[in-house]
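Visitor: Dropping a prediction and its sequence here:
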Amino acid sequence: MLAPTVDAIRLFLHVLAATVWVGGQIVMLGLLPEARALSSEAPKALARAFARLSWPAFAVLVVTGFWNVAAVHPGKQSTSWQVVLGVKIGVVVLAGVGAFLHGRSTSRMALAAWGSIAGLASIAALFLGVLLAG
């Protein structure tokens, strides 16, 4: 019998939220040229719709991220694991701040810069999470 454990549920929620947050950013990047071709307002409308899904996913990532750390007892992990965790936390903060500022930007340059920072930091956080889980 394959009954889900609390660990499986925790990891499932974390991975599901990452697919929305990180995968959604990649999808939005791919949709941007088509959205611009539709109208000048289409990218903004898509961004607002994505924000309604992505910010709750980001919150789930943060909560389940702390839950993940608590479950592995970081004090018992190697120094290199702890360093990677510290870097990941910093990258997650950068991703959140970058996405927040991207959503508040009014110039095309700021939109591009903060969107790039948010996207790259999100991908880096995903990679670092794989390293920590390994």
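Guide: In hand now; what should we look at?
Visitor: in the longest helix seen in the chain, what's buried?
Guide: Ranked by residue count, the top helix of the chain under DSSP state H comes out as helix 42-72. With burial defined by 16 or more other Cβ atoms under 10 Å, the residues of helix 42-72 counted as buried are 43, 46-47, 50-51, 54-55, 57-58, 60-62, 64-65, 68. Backbone N, C-alpha and C define where each C-beta goes, glycine included.
Visitor: what's the offset of the helix or strand harbouring Leu126 from the middle of its chain?
Guide: Here Leu126 is covered by helix 108-133, with elements defined by DSSP states H and E. Relative to the mean C-alpha coordinate of its chain, helix 108-133 is positioned 7 Å out (Cα atoms, centre = their mean, to the nearest Å).
Visitor: swap in stretch 25-34?
Guide: Between the centre of stretch 25-34 and the centre of its chain there are 16 Å (Cα atoms, centre = their mean).
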